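Asks: Let's see this in three dimensions:
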Amino acid sequence: MKKNKFFYYAAAMVVLISVICLAIPFHDSLGKDNLSPSSIDDDLKRESPSQASALVRPFPDPDETHYKMELYLDIVSNLLYGRSSISTLNTTGSEMNELWFTIYPNAFQTPASTPAPAQAYYKGFNPGWLELDKVLVNGQEVEYYLDGISMHMVMPFDIMQDKDIIIDMSWRSRIPEIAYRFGSKDGVFMLGNFYPVLNVYDQEGWHLAYNSKFGDPFCFHCADYAVQVNIPEAYELVSTGSMIKKFAEDNGREIYSIEASKARDFCLLIIYDYQEIISEVHNITVKCYVPGGSRTDEAQKIAEQCGDILYYYSYRWGSYPYPDFKMAFVPMQGFHGMEYSGLIFLKEELFSPQFDSNRGSFILAHEVAHQWWYAMVGNDQINEPWLDEALANYSAYEYQEDCQGLTVMRKPTAASSKLDQQLNEMDSNSEYYQTIYNDGEAFWAALEGELGQDTTDRVLRLYLEDYKYDIATTHGLLEVIRKEAHQEMDSFLKKWF
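Replies: Predicted structure coming up:
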């Protein structure tokens, strides 16, 4: 059950006053609802060093974690009703009595908290949120505490090492009327990060999301998904994974059954009056979704180019892992593109003939590259955001040079470039892009200049092999570089880290 914050704070104050009166030393916290997400993260890492040090397998383990969801979209109220059942295994090496989740829709509750730019609110501010009705762990109702986009679940019992953890939740989410990665406009429902997601726990402790005005404040392990989605029959559904079946109800609605394996996340796109363009390129099925009335010949060209990009990356670094690839042009502000497992959103302006074609191909190649550097090789996008974004930029430039014959004018690096910065250490969107995208790509270009393309490719193939469906770290990547370089690298690396 959800704790009332006033009651929570009041109870804590009573305890504090009593302790002061009794003059007994007191070292516990007054309640984590009172802390910022970053201080929560630090506090947790201090609280459980023995458990963290015992960790020998990832948690939640991608091989042991399964999400089952039943979803119902009400397009009149913009409400998405959900039931989630998450099954996993305690692989932490010790007993567990707490869990942390990311609840991204709660980032959109107020004008002060929303990460979306003002221009995305085409009707003025419109709130979004997610509320839970009941939470069960292994059949027992448990308490939970909401703090921004984090949810702390506290269990009155311990779950032993290698024992099952089954979390059942009923929830409802309001989708804001906003042109954003989580929002709706003109009959298009863009549902990225729309459901409660179990956070990562490793040797450093819990990796907690926090609400950021820029970047992707997430860190998730891969999992398997089985999802049923109930929508009006006039709409179509695009998603991560593969549609297993679709059947009509007798009330004007349809139910889609979807499965996805080893997905970093599960994304939904529900569309009205769109066209689907399918292209088979190098044995890869590419599906492109454009608004009705759009130029199908241009959509076909983009789908074919997307297939070429997928083939190029597969040839250089490792095969694309999913049964097909989907791309959709959507009304989205704040991003040119947004990546999910097996699916990308592209800002619909990119489809305009007035948009620079070279810039458009770079954005497409960047977003496709995230299937390697994010979907397959994951990373903590809060603490080490450069890992996926820098490689996506590098990959896109490599494609443009090798396949399009373009001479790429790479952007200059900052005077002092330190790539291992956390998201919350950067003060602005411009600083974030300069450090993570531009300086990060410059690192890979400089590494290729130092080692040559063949050795750099060997680094990336080994990096993919070592961290496929896992979460990489800067430390782990640098070890791969040192291993493949066969030369002293410390003097080179210290310029960047």
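
Asks: now K246, what's its secondary structure?
Replies: In three-state terms, and counting by DSSP: H, G, I helix; E, B strand; the rest coil, K246 is strand.

Asks: burial of it, as a residue count?
Replies: For K246, the neighbour count with other C-beta atoms under 10 Å is 13. Placement of C-beta: from N, CA and C, glycine included.

Asks: so what's it up against?
Replies: By C-beta atoms under 8 Å, 6 or more residues apart in numbering, the contact set of K246 is E254, I255, Y256, S257.

Asks: Could you tell me the model confidence score at it?
Replies: With respect to pLDDT, K246 has a value of 96.

Asks: From E254, how far off is it?
Replies: 6 Å (C-beta to C-beta, to the nearest Å).

Asks: go on, E367?
Replies: Taken as C-beta to C-beta, the span from E367 to E254 is 29 Å.

Asks: How about M426?
Replies: With the distance defined as C-beta to C-beta, M426 ends up 44 Å from E254.

Asks: got a list of what L80 touches?
Replies: L80 is in contact with L71, Y72, L73, D74, R172, S173, R174, I175, L191, F194, counting by C-beta under 8 Å, 6+ apart.

Asks: Just list whatever residues bridge to it.
Replies: L80 has the following beta-bridge partners by DSSP bridges: L73, S173.

Asks: Give me the spatial nearest neighbour of T456, chain neighbours excluded.
Replies: Nearest non-adjacent residue to T456, counting by C-beta to C-beta, 6 or more residues apart in numbering: E448, 4.5 Å away.

Asks: Which positions in the helix or strand harbouring the one you found come out as buried?
Replies: If you go by DSSP states H and E, E448 is part of helix 440-451. The neighbour-count check on helix 440-451 (16 or more other C-beta atoms under 10 Å) flags G440, E441, A442, F443, W444, A445, L447, E448, L451 as buried.

Asks: next one: stretch 98-117
Replies: By 16+ other C-beta under 10 Å, the buried positions in stretch 98-117 come out as 99-109, 114-117.

Asks: Let me know the closest of these to Y235.
Replies: Among those, P105 lies closest to Y235 (C-beta to C-beta), at 20.1 Å.

Asks: Quick check: the closest one touching G128?
Replies: Yes - the pair P105 and G128 passes the contact test of C-beta atoms under 8 Å, sitting 5.1 Å apart.

Asks: Mind listing the shared neighbours of these two?
Replies: S173, R174, I175, F182.

Asks: For PyMOL, write the select line for the buried members of these.
Replies: Applied in PyMOL, the following selects the buried portion of the shared contacts of P105 and G128 according to 16+ other C-beta under 10 Å:
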select buried, resi 173+174+175+182
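
Asks: Now pLDDT and distance to I270 too, for the shared contacts of P105 and G128, in CSV please.
Replies: As requested, the shared contacts of P105 and G128 are exported to CSV (pLDDT from 0 to 100; distance: C-beta to C-beta, whole Å):
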residue, pLDDT, distance to I270
S173, 98, 13
R174, 98, 15
I175, 98, 10
F182, 98, 13
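
Asks: Out of the shared contacts of P105 and G128, which two sit at the greatest distance?
Replies: R174 and F182 (10.6 Å).

Asks: Give me the common contacts of these two.
Replies: Residues touching both R174 and F182 (C-beta under 8 Å, 6+ apart) are P105, G128.

Asks: and the helix ranked longest in the chain, which residues are buried?
Replies: Assignment by DSSP state H gives helix 296-317 as the longest helix of the chain. By neighbour count on 16+ other C-beta under 10 Å, the buried set for helix 296-317 is 299, 302-314, 316-317.

Asks: and which of the shared contacts of P105 and G128 is nearest Y210?
Replies: F182 (15.9 Å).

Asks: which stretches of the stretch 101-250 of the chain have low pLDDT?
Replies: Applying pLDDT under 70 to the stretch 101-250 of the chain flags no residue at all.

Asks: What segments of it are strands?
Replies: Using DSSP state E, counting those that start in this stretch, the strands assigned to the stretch 101-250 of the chain run over residues 129-137, 140-141, 143-147, 150-159, 164-174, 182-185, 188-191, 197-198, 200-202, 205-207, 223-232, 236-239, 242-248.

Asks: The first one pairs with which strands, parallel or anti?
Replies: Taking DSSP bridges as the criterion, strand 129-137 pairs within the sheet with strand 140-141 (antiparallel), strand 164-174 (antiparallel).

Asks: before we move on, back to that, compare E367 and E254 and say which is more crowded by neighbours.
Replies: Ranked by neighbour count (other C-beta under 10 Å), E367 and E254 place E367 first, with 25 against 18.

Asks: Report the central residue of the chain.
Replies: Nearest to the geometric centre of the chain sits F218, at 5.2 Å (C-alpha atoms, centre = their mean).

Asks: quick one: contacts for that residue?
Replies: Counting by C-beta under 8 Å, 6+ apart, F218 has contacts T102, Y104, N193, A209, D265, Q381, I382.

Asks: Would you point out the most distant pair within the residues you listed?
Replies: D265 and I382 (14.9 Å).

Asks: And this structure, what are its domain boundaries?
Replies: 5-30, 31-270, 386-493 (automatic domain parsing).

Asks: who wins for proximity to R295 among those?
Replies: domain 31-270 (18.6 Å).

Asks: quick one: the closest one to chain centroid distance?
Replies: Chain-centre distance of domain 31-270: 10 Å, with C-alpha atoms, centre = their mean, to the nearest Å.
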